[in-house]
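Provided below for reference: sequence and predicted model.
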Amino acid sequence: NETYNIISLQLQPQWRMTAACWFYRKWNIPMEEYLTSIDDCIQGNAPIPQWYLVVVGQNIVGGAGVIANDFHDRKDLTPNICALYVEPEHRGRRLAGKLLAYICEDMRCRGLDVLYLVTEHVSFYEKYGWGFQCMVQGDDGEPMRMYYKYLY
């Protein structure tokens with residue numbers, strides 16, 4: 001029986017470097033990009049960017065962020081949940097759904113009324129109350145599915 005805790009990096013900045021390394025290993029986006037965004041989260045008073053972790057003890061088992069744009073052409077559909085990942089051995093426990101719910105509530109409390117995310121998954125986010133918005137073009141030229149969720 002493992003205890004999963006969702007933490008905000010803004011509130012627990014001691015996770016800064018560990019989190020940046022973890023996200024880099026999952027998504028292969030330069031660690032400096034994560035550090036810059038995480039530092040903006042820690043130091044900023046704006047609603048975005050924000051970064052979150054799911055931890056068991058001192059181990060990260062999941063995480064996600066909220067940024068202005070997750071590498072797509074629809075800059076008007078903002079902000080975006082990004083980098084959502086749950087370690088394979090911890091999947092099937094609805095951790096992604098719990099993390100999404102936590103992020104949505106935190107963003108609602110910060111005054112936002114809608115969030116977006118891009119994905120290649122079909123039917124995963126619907127089970128957590130997200131709706132299909134439209135297809136968007138990724139910065140790599142590939143089509144991606146854009147989802148939305150109202151926070152009120």
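It's in.

so what's the nearest residue to Gly97 once chain neighbours are set aside up against?
Spatial nearest neighbour of Gly97, excluding adjacent residues (C-beta to C-beta, 6 or more residues apart in numbering): Tyr128 at 4.7 Å. (C-beta placed from N, C-alpha, C; glycine too.) Residues touching Tyr128, when contacts are defined by C-beta atoms under 8 Å, 6 or more residues apart in numbering, comprise 96-97, 100-101.

could you redo the last one with a cut-off of 10 Å?
Residues in contact with Tyr128 (C-beta atoms under 10 Å, 6 or more residues apart in numbering) are 94, 96-101, 104, 147, 149.

which one of those residues is nearest Arg16?
Comparing the contacts of Tyr128 against Arg16 with C-beta to C-beta picks out Leu99 as the nearest, at 18.6 Å.

how about the host helix or strand of that closest one: buried residues?
Using DSSP states H and E, Leu99 falls within helix 95-109. For helix 95-109, a neighbour-count test (16 or more other C-beta atoms under 10 Å) marks 95-96, 98-100, 102-104, 106-107 as buried.

what are the ranges of the helices in this structure?
Across the chain, reading from the start of the chain, the helices by DSSP state H fall at 16-27, 31-43, 95-109.

among those, which is nearest Thr119?
Between Thr119 and those, the tightest spacing by C-beta to C-beta is seen for helix 95-109, at 11.2 Å.

about what we covered before: quick one: which of the contacts of Tyr128 is nearest to Asp73?
The shortest approach to Asp73 among the contacts of Tyr128 belongs to Tyr147, at 15.8 Å (C-beta to C-beta).
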